[in-house]
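1. Curious how this folds, go ahead:
(one chain, ligands or ions: 2)
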Amino acid sequence: MGEEAVEFSVEKVVAGDCKQSAVDVGGRTYVIGRSDDDSKSSIIVKILDKLTQTWVVPTVLGTQPTLTKSQSAIPVNDEKILVIEKGVPLNESVWFLEIDTPFVKQQRKIKGTEVVSWSKGVIGVGQKPVVISGPSGVGKGTLIAKLMKDYPSKFGFSVSHTTRSPREKEIDGVHYHFTERSKIEKDISEGKFLEFAHVHGNVYGTSIEAVESVTDEGKRCILDIDVQGARSVRASSLEAIFIFVCPPSFEELEKRLRARGTETEEQIQKRLRNARAELDQSNSPGLFDHLLVNDDLETCYEKLKKLLSLDDDQEDSDYLFIKDGKQSASYCIVSKHDSKILLQPETIEAKNGATSLLALDLSSLSGGAPGRTRGLKICSINSF
Ligand SMILES: Nc1nc2c(ncn2[C@@H]2O[C@H](COP(=O)(O)OP(=O)(O)O)[C@@H](O)[C@H]2O)c(=O)[nH]1
Ligand SMILES: Nc1ncnc2c1ncn2[C@@H]1O[C@H](COP(=O)(O)OP(=O)(O)O)[C@@H](O)[C@H]1O
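-> Ligands and ions are numbered 1, 2, ... in the order given. The predicted model follows:
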């Protein structure tokens, strides 16, 4: 990458609703949009240094927005540009091009080239994910399955990757992503995993996408991971609640593991050996927030539900907006006042009054590249 001659001029850029948007930040003009060559199915970013009149094509990091016919863009501050993609569901339409955030500055240093990075805007901050650990056979899967069945719109499961073989009733992509060791190792080395561990002779890991995709849907993410994984998540930037599930006795644990009938005798022995170590670690200072004994299933489930509702800090309006945001819409940026941006609908239904003006509040943004910028607040203009 780096500087190169580009047969492309600012005059071609039409302000507002267009194939390409030009945004001035400091002494530079950022041009964002589709390539003139429509066969290229990607969004281009080019930077004009106004002083030297030179164009730079930066290295673009992050997953880019879905390619649409047009977008509108406006600078948020010196660090990022807000881009609203048109003709896609509202939940998919808000993006930030990070041009000088701490992440971009760091990457610019590492790569030695000009860097920008895409980050998807996500409504609300989402509730803290819930990490559930405990020895094999204690009933983690049973408790999680009950929770998911009773509250399908509230909780979502983080689908881990594993190198172990699927059990009879397990579905790829639902219970686990069943993966080759070489593939998971490659993805781990590319930084795609929040955590991973070697458990009972196999590799298990939580991809960043597994957690983020659940949170994006406005659901609370549940992770079923081992104690090593819990330790790694504790050390990461992900704020979560950590629950350890204990058996009423070791004998009962062994009984449940055998009764499940999914492992060979050798595998059962390995799991029981590991169970002792896991039970020992459950009291590690600062690791688990709550210990739950799974003796009677219903009693344990009630306790789990109580624990989770204690941390119920999500605003309902976020979830409603995320649900409504699944319909396709076209919004255009009209104006900006401090951290509030006014969006005007452009669809036919909207013009007929079915959809109102929206106000996007950027005052509580959190996170940022890589991947997601959370904390967007959206409200209809009537209640703004
Ligand atoms: N660190 C980590 N552990 C995981 C992950 N997914 C599952 N595990 C743990 O791996 C262990 C074995 O899981 P599994 O093979 O499904 O057997 P089960 O616990 O006997 O049902 C359990 O302790 C899970 O909590 C993951 O993504 N990361
Ligand atoms: N409280 C309980 N009392 C008796 N059996 C249970 C209880 N909880 C779970 N089980 C059974 O124990 C076995 C292991 O549970 P599972 O959810 O697969 O454990 P894990 O996911 O922790 O390995 C399953 O056959 C399940 O039906």
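
2. Please save the CA atoms from stretch 99-109 in PDB.
-> Coordinates of the C-alpha atoms in stretch 99-109 are reproduced here as PDB (Å, rounded to 0.1, in the frame of the first residue of the first chain):
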ATOM      1  CA  ILE A  99      -9.300   7.300  11.000                       C
ATOM      2  CA  ASP A 100      -7.200   8.300  14.000                       C
ATOM      3  CA  THR A 101      -8.400   6.200  17.000                       C
ATOM      4  CA  PRO A 102      -5.700   4.700  19.400                       C
ATOM      5  CA  PHE A 103      -6.200   1.400  17.600                       C
ATOM      6  CA  VAL A 104      -5.600   3.000  14.200                       C
ATOM      7  CA  LYS A 105      -2.500   4.900  15.500                       C
ATOM      8  CA  GLN A 106      -1.100   1.600  16.800                       C
ATOM      9  CA  GLN A 107      -1.700  -0.200  13.600                       C
ATOM     10  CA  ARG A 108      -0.200   2.600  11.500                       C
ATOM     11  CA  LYS A 109       3.000   2.200  13.600                       C
END
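
3. Contacts only, for Leu304.
-> For Leu304, the contacting residues are Leu143, Leu147, Ile243, Leu292, by Cβ atoms under 8 Å, 6 or more residues apart in numbering. The way it works is simple: take the backbone N, C-alpha and C, and place the C-beta from them, glycine included.

4. Next, the buried residues of whatever helix or strand it lives in.
-> Using DSSP states H and E, the element containing Leu304 is helix 297-310. Buried residues in helix 297-310, counted by 16 or more other Cβ atoms under 10 Å: Cys300, Tyr301, Lys303, Leu304, Leu308.

5. Do any residues in it lie close to ligand 2?
-> Yes: judged by Cβ under 6 Å from any ligand atom, helix 297-310 comes into contact with ligand 2 through Leu297.

6. chain center to that helix, what's the gap?
-> The chain centre lies 26 Å from the centre of helix 297-310; the measure is Cα atoms, centre = their mean, to the nearest Å.

7. Quick check: the residue lying closest to Gly121 once chain neighbours are set aside vs Gly375, distance?
-> Once flanking residues are discounted, Gly121 sits nearest to Val94: 3.3 Å by Cβ to Cβ, 6 or more residues apart in numbering. From Val94 over to Gly375 the distance is 12 Å, taken as Cβ to Cβ, to the nearest Å.

8. These two: who's more crowded?
-> Between Val94 and Gly375, Val94 has the larger neighbour count (other Cβ atoms under 10 Å), namely 25 against 20.

9. and the more buried one, what does it touch?
-> With Cβ under 8 Å, 6+ apart, Val94 has these contacts: Leu82, Val83, Ile84, Lys120, Gly121, Leu360, Leu376.

10. can you list the residues of this structure near ligand 1?
-> So far as Cβ under 6 Å from any ligand atom goes, the chain lies against ligand 1 at 136-137, 141, 160, 164, 195, 197, 199-200, 204-206, 224-226, 228-229.

11. Report the contact partners of whatever residue of the stretch 151-300 of the chain ends up closest to ligand 1.
-> Per Cβ to the nearest ligand atom, Gly229 is where the stretch 151-300 of the chain lies closest to ligand 1, at 2.3 Å. Contact analysis of Gly229 by Cβ under 8 Å, 6+ apart lists Val131, Ser133, Glu195, Phe196, Ala197, Tyr204, Gly205, Thr206, Leu223.

12. In the stretch 1-150 of the chain, which residue sits closest to ligand 1?
-> Ser136 (3.3 Å).

13. Now for that residue, how many residues are close by?
-> 23.

14. That one contacts Leu257, doesn't it?
-> Yes: with contact defined as Cβ atoms under 8 Å, Ser136 reaches Leu257; the gap is 6.3 Å.

15. Need the overlap of contacts for these two.
-> Common neighbours of Ser136 and Leu257, counting by Cβ under 8 Å, 6+ apart, are Arg271.

16. Which element, helix or strand, includes the residue sitting nearest the centre point of the chain?
-> Most central in the chain under Cα atoms, centre = their mean is Glu212, positioned 2.0 Å from the mean C-alpha point. Assigned by DSSP H and E, Glu212 falls within helix 208-216.

17. average model confidence for the helix or strand following that helix?
-> In the C-terminal direction, the helix or strand that comes right after helix 208-216 (DSSP H and E) is strand 220-224. Strand 220-224 shows a mean pLDDT of 96.

18. So which residues make contact with strand 220-224?
-> Strand 220-224 is contacted by residues 126-133, 140-141, 144, 147-148, 154-158, 160, 206, 211, 214-215, 229, 233, 240, 308, 314 when judged by Cβ under 8 Å, 6+ apart.

19. Of those, which belong to strands?
-> Judged by DSSP state E, strands contain the following of the contacts of strand 220-224: Val130, Val131, Ile132, Ser133, Phe155, Gly156, Phe157, Ser160, Thr206.

20. Filter the residues you listed down to the buried ones.
-> Applying 16+ other Cβ under 10 Å to the ones in strands among the contacts of strand 220-224, the neighbour count classes Val130, Val131, Ile132, Ser133, Phe155, Gly156, Phe157, Ser160, Thr206 as buried.

21. Closest one to Val23 out of these, please.
-> Closest approach to Val23 among these (Cβ to Cβ): Gly156, at 34.9 Å.

22. tell me which parts of this protein are close to ligand 2?
-> Residues of the chain lying near ligand 2 by Cβ under 6 Å from any ligand atom: 134, 136-142, 256, 259-260, 294, 297.

23. Export these as TSV, with columns for distance to Val88.
-> Below are the residues of the chain next to ligand 2 laid out as TSV (distance: Cβ to Cβ, whole Å):
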residue	distance to Val88
Gly134	41
Ser136	43
Gly137	45
Val138	43
Gly139	42
Lys140	37
Gly141	36
Thr142	39
Arg256	47
Ala259	49
Arg260	44
Asn294	44
Leu297	43
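
24. In helices, which of those residues appear?
-> If you go by DSSP state H, the residues of the chain next to ligand 2 have Lys140, Gly141, Thr142, Arg256, Ala259, Arg260, Leu297 in helices.

25. Count the residues that sit near the closest residue to the second one other than its chain neighbours.
-> Same thing as Gly141. Nearest non-adjacent residue to Gly141, counting by Cβ to Cβ, 6+ apart: Asp224, 6.6 Å away. Here the number of neighbours of Asp224 (other Cβ under 10 Å) works out to 23.
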